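Trainee: give me a model of this one.
(one chain, ligands or ions: 1)
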Amino acid sequence: MPRLTGAEILWDCLVREGVTDVFGYPGGAILPAYDAMLKYPIRHVLVRHEQGATHMADGYARASGKVGVAVATSGPGATNMVTGIATAMLDSSPIVCITGQVGSRLIGSDAFQETDITGVTLPVTKHNYLVTRADEVAHAVREAFLVAKSGRPGPVLIDITKDAQQSSCEYDWDAAAPDPDIVRSPAHPGDAQIQQALELIKSARRPLVLAGHGLMLGGATEEFRAFIDRSGIPAAITLLGIGALPASHPLNLGMMGMHGEAWVNTAIQEADLLIALGMRFDDRVTGNLKTYAQNARKIHVDIDPAEIGKNVPVDIGIVADVRDVLRSWQPSLTRLDLGDWIARIDALKGDSAVRDIQNMPDDGHLYAAHVIHDIWRATHGKAIVVTDVGQHQMWEAQYYHHDEPRTLITSGGLGTMGFALPAAIGAKMACPDAEVWVVVGDGGFQMTMCELATMQQENLKVNVAIINNGYLGMVRQWQEFFYDRRYAATPLSSPDFVTLASAYGIEARAVNTRHAVIPAVEQARAHRGAVVLDFQVEQEDSVYPMVPAGADLHKMIRRPTPLAETGADR
Ligand SMILES: Cc1ncc(C[n+]2csc(CCOP(=O)(O)OP(=O)(O)O)c2C)c(N)n1
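Mentor: Down below sits the predicted model:
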């Protein structure tokens, strides 16, 4: 049996877990691990801030389905990771974060760069470990990977003291295998429940599927499509569920929720059955719970028992792997006769097209919707798009039509500004052949734009579209609607992004007219290296429709139009 240091055991285990790339930043307490790393076949990406490492690991995981790995030192390195860990937690993204810790005898003494990071991250990790001995490393790493990717995936942190990295012990990979019972294997869907749910589905007149991120996480998108094709039931999609069904599929109605399509939200309110698959009834998708889908029976399928009945009481809650459930339903499904319901949904579309900024007369301004639509056209809908958080994120969801799973990567649950650029770096590392675009606001870009240096150092071809409106746009929109246009702290000045990108050695240009968008996008695509495009868009545009926080889901603020003002709006 070989005798290895804790640091060597760490890397050996990571390599055996299939890890090829890690994102990190060194420092004193993790130095033994960095030193040992040189002996192992690992590509280490040096980030510019540890938050970036966690988002990169997260983007890597979301694009590939594999576990992403981030590394940092103790104290400030570890605490810089917290936002990225919480982001992964809320979006069920499997990442493993490794942090160095001060020597075990110093723990609790306020030693230099000491932070109780397992304490700090307890509420935002699926599980975490404090490892103080070399002979604990292998077991912790193996268990961490199992926990991160099993059931409902999530982030796991392993904090390893400096002495545990330095000291050595006999290393036996096999003996360190985790006990499979520590993770709850998904229950097989009970026959009775499957049958009851089927009866409800078959007798429904106005059924709707609510499709969430769990379909992607559970690898169930093929089964989902088969379910929709066989049953003929239309589907509404959550933000993170985008890609679970091709946007071009005739039964894909589009996004639900606060900035969902008006007809989708109204259809949810009029449905007689909701079949919620791998989604969690977040407040952004339900609006006022008291008036939410009152006429609908509800079937909820989720791998996490804690989700069933958490926000919305359901008639049938099935705790199981969504793919197993879809497979069990498939043989007995027949196409439902939903002609009237589909016609009703079509009617609900009403004047939506007229209200679409895309269809309004050209007023000489460049709108974010134009930019996103043109990126979609130029990339034929095939790019991986990584968005930040804000108005541009919602416009992306509305105007880029994703046909493939895992092609929209966005922070849904935590809504983390600064996510996009680093997460895109992770996505590009995971899928080097994919065309990767960042869609980011001028505010969020400035939070992590230091990672341009990482992108350049790693020679990654990523295109960055800054939707530059000179405001913290989404907050400005709330101020416009709900605070009487008092724009407290939302006007935002920025550096000249073209000059900034050039300083990093990255090609860049500014775009401020509609006809210049496609040529700029095409040039960026043709360029071998990374490109930054600064789209200077209309400053005070808003995202429509909008369900005000806590309002009834069907009471939406619509884009005002001279052609279609109705009393129900605004
Ligand atoms: C880290 C963080 N801080 C604050 C917020 C609150 N917030 C949500 S959207 C937004 C404005 C984003 O502005 P920008 O990045 O310019 O994008 P835009 O909305 O203009 O598209 C803010 C401040 C957040 N989501 N994340």
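
Trainee: burial count for residue 317?
Mentor: 18 (other C-beta atoms under 10 Å). (Glycine included, C-beta is placed from N, CA and C.)

Trainee: wait, residue 123
Mentor: Considering only other C-beta under 10 Å, residue 123 is surrounded by 8 other residues.

Trainee: let's verify it: helix, strand, or coil?
Mentor: Assigned with DSSP: H, G, I helix; E, B strand; the rest coil, residue 123 falls in the helix class.

Trainee: could I get the full set of helices for the stretch 201-350 of the chain?
Mentor: For the stretch 201-350 of the chain, the helices defined by DSSP state H, counting those that start in this stretch cover 214-217, 221-231, 262-270, 283-286, 322-329, 339-349.

Trainee: which of those is buried the deepest?
Mentor: helix 214-217 (a mean of 26; mean count of other C-beta atoms under 10 Å).

Trainee: what does that helix rub up against?
Mentor: With contacts defined as C-beta atoms under 8 Å, 6 or more residues apart in numbering, helix 214-217 is touched by 92, 152-153, 220-221, 224, 240-241, 243-244, 277-279, 301-303, 322, 405-406.

Trainee: close to the ligand: what parts of this structure are there?
Mentor: 388-392, 415-418, 441-444, 467, 469, 471-475 (C-beta under 6 Å from any ligand atom).

Trainee: kindly recompute the last result at 5 Å.
Mentor: When proximity is defined as C-beta under 5 Å from any ligand atom, the chain approaches the ligand at 389-392, 415, 417, 441-444, 469, 472-475.

Trainee: contacting residues for the nearest residue to residue 479 once chain neighbours are set aside?
Mentor: Closest residue to residue 479 apart from its sequence neighbours, by C-beta to C-beta, 6 or more residues apart in numbering: residue 487 at 5.4 Å. Residue 487 sits next to 471, 476, 479, 480 when contact means C-beta under 8 Å, 6+ apart.

Trainee: kindly reformat those as JSON lines containing pLDDT.
Mentor: JSON lines is the format used below for those (pLDDT from 0 to 100):
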{"residue": "471", "pLDDT": "98"}
{"residue": "476", "pLDDT": "98"}
{"residue": "479", "pLDDT": "98"}
{"residue": "480", "pLDDT": "97"}
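
Trainee: mark which of those are buried, thanks.
Mentor: Among those, those classed as buried by 16 or more other C-beta atoms under 10 Å are 471, 476, 479, 480.

Trainee: show the pLDDT at the closest residue to the ligand within the stretch 51-200 of the chain.
Mentor: Going by C-beta to the nearest ligand atom, the ligand is nearest to residue 83 of the stretch 51-200 of the chain, at 7.0 Å. The per-residue pLDDT reported for residue 83 equals 98.

Trainee: same check on residue 183?
Mentor: pLDDT, residue 183: 87.

Trainee: try residue 360
Mentor: 88.

Trainee: residue 568 too?
Mentor: 43.

Trainee: any regions of the stretch 201-350 of the chain where pLDDT drops low?
Mentor: Across the stretch 201-350 of the chain, nothing is flagged by pLDDT under 70.

Trainee: closest residue of it to the ligand?
Mentor: For the stretch 201-350 of the chain, C-beta to the nearest ligand atom, closest residue to the ligand: residue 259, 11.5 Å.

Trainee: for residue 415, the count of nearby residues, please.
Mentor: For residue 415, using other C-beta under 10 Å, the count is 16.

Trainee: let me redo that: residue 375
Mentor: 27.

Trainee: buried among the residues of the chain next to the ligand? Make that a PyMOL selection.
Mentor: Burial among the residues of the chain next to the ligand is assessed by 16+ other C-beta under 10 Å; the matching PyMOL selection reads:
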select buried, resi 389+390+391+392+415+417+441+442+443+444+469+472+473+474+475
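
Trainee: now, the residues of the chain next to the ligand that are in helices?
Mentor: Under the assignment DSSP state H, the residues of the chain next to the ligand contribute 391, 392, 442, 443, 444, 473, 474, 475 to helices.

Trainee: how much space separates the second one from residue 80?
Mentor: When distances are taken as C-beta to C-beta, to the nearest Å, residue 392 and residue 80 turn out to be 25 Å apart.

Trainee: residue 122: neighbouring residues, count only.
Mentor: The burial count for residue 122: 12, using other C-beta under 10 Å.

Trainee: these two touch, right, it and residue 130?
Mentor: No - in this structure, residue 122 is not within contact of residue 130 by C-beta atoms under 8 Å, at 11.0 Å.

Trainee: ok, so of the contacts of residue 487, who is nearest the ligand?
Mentor: residue 471 (5.6 Å).

Trainee: pull out the buried positions in stretch 502-513.
Mentor: Buried positions in stretch 502-513, judged by neighbour count with 16+ other C-beta under 10 Å: 504, 506, 507, 508, 509, 510, 511.

Trainee: now, the residues you listed that are in strands?
Mentor: 507, 508, 509, 510, 511 (DSSP state E).

Trainee: any idea which helix is longest in the chain?
Mentor: helix 50-64.

Trainee: for it, enumerate the helices and strands it packs against.
Mentor: Using 3 or more C-beta pairs under 8 Å, 6 or more residues apart in numbering; DSSP states H and E, the elements in contact with helix 50-64 are strand 21-24, strand 68-72, helix 76-80, helix 82-90, strand 95-101, strand 408-409, helix 420-430, helix 442-448.

Trainee: next, the angle from that helix to helix 420-430.
Mentor: Relative orientation of helix 50-64 versus helix 420-430 (axes from the mean of the first three to the mean of the last three C-alpha atoms, to 10 degrees): 50 degrees.

Trainee: what angle do helix 50-64 and strand 95-101 make?
Mentor: Following the same axes, to 10 degrees, one obtains 150 degrees for the angle between helix 50-64 and strand 95-101.

Trainee: hmm, back to that, is it true that the residue of the stretch 201-350 of the chain closest to the ligand touches residue 396?
Mentor: No - contact between residue 259 and residue 396 fails when scored by C-beta under 8 Å: they sit 10.7 Å apart.

Trainee: these two: which is more packed in?
Mentor: Neighbours per residue, other C-beta under 10 Å: of residue 259 and residue 396, the larger number sits with residue 396, 30 against 22.

Trainee: and the helix or strand containing the more buried one, how far out from the chain's middle?
Mentor: Per DSSP states H and E: residue 396 is located in helix 391-399. Relative to its chain's centre, helix 391-399 lies at 14 Å (C-alpha atoms, centre = their mean, to the nearest Å).

Trainee: the residue nearest to residue 479 should be in a helix, yeah?
Mentor: No - assigned with three-state DSSP, residue 487 falls outside any helix and is coil.

Trainee: what's the pLDDT at it?
Mentor: For residue 487, the pLDDT comes out at 98.

Trainee: for residue 565, same thing?
Mentor: At residue 565, pLDDT is 46.

Trainee: can you tell me how far the residue nearest to residue 479 is from the ligand?
Mentor: According to C-beta to the nearest ligand atom, to the nearest Å, residue 487 stands 12 Å off from the ligand.

Trainee: how far away is that residue from residue 476?
Mentor: Counting by C-beta to C-beta, the gap from residue 487 to residue 476 is 6 Å.

Trainee: cool, residue 461 as well?
Mentor: Distance, residue 461 to residue 476, using C-beta to C-beta: 33 Å.

Trainee: try residue 538
Mentor: Residue 538 is 12 Å from residue 476, by C-beta to C-beta.

Trainee: residues near residue 15, how many?
Mentor: Applying other C-beta under 10 Å, we find 13 residues neighbouring residue 15.

Trainee: surely it meets residue 39?
Mentor: No - shown here, residue 15 and residue 39 do not form a contact pair, counting by C-beta under 8 Å, at 10.2 Å.

Trainee: what's the nearest residue to the residue of the stretch 51-200 of the chain closest to the ligand if we skip its chain neighbours?
Mentor: Nearest non-adjacent residue to residue 83, counting by C-beta to C-beta, 6+ apart: residue 51, 5.3 Å away.
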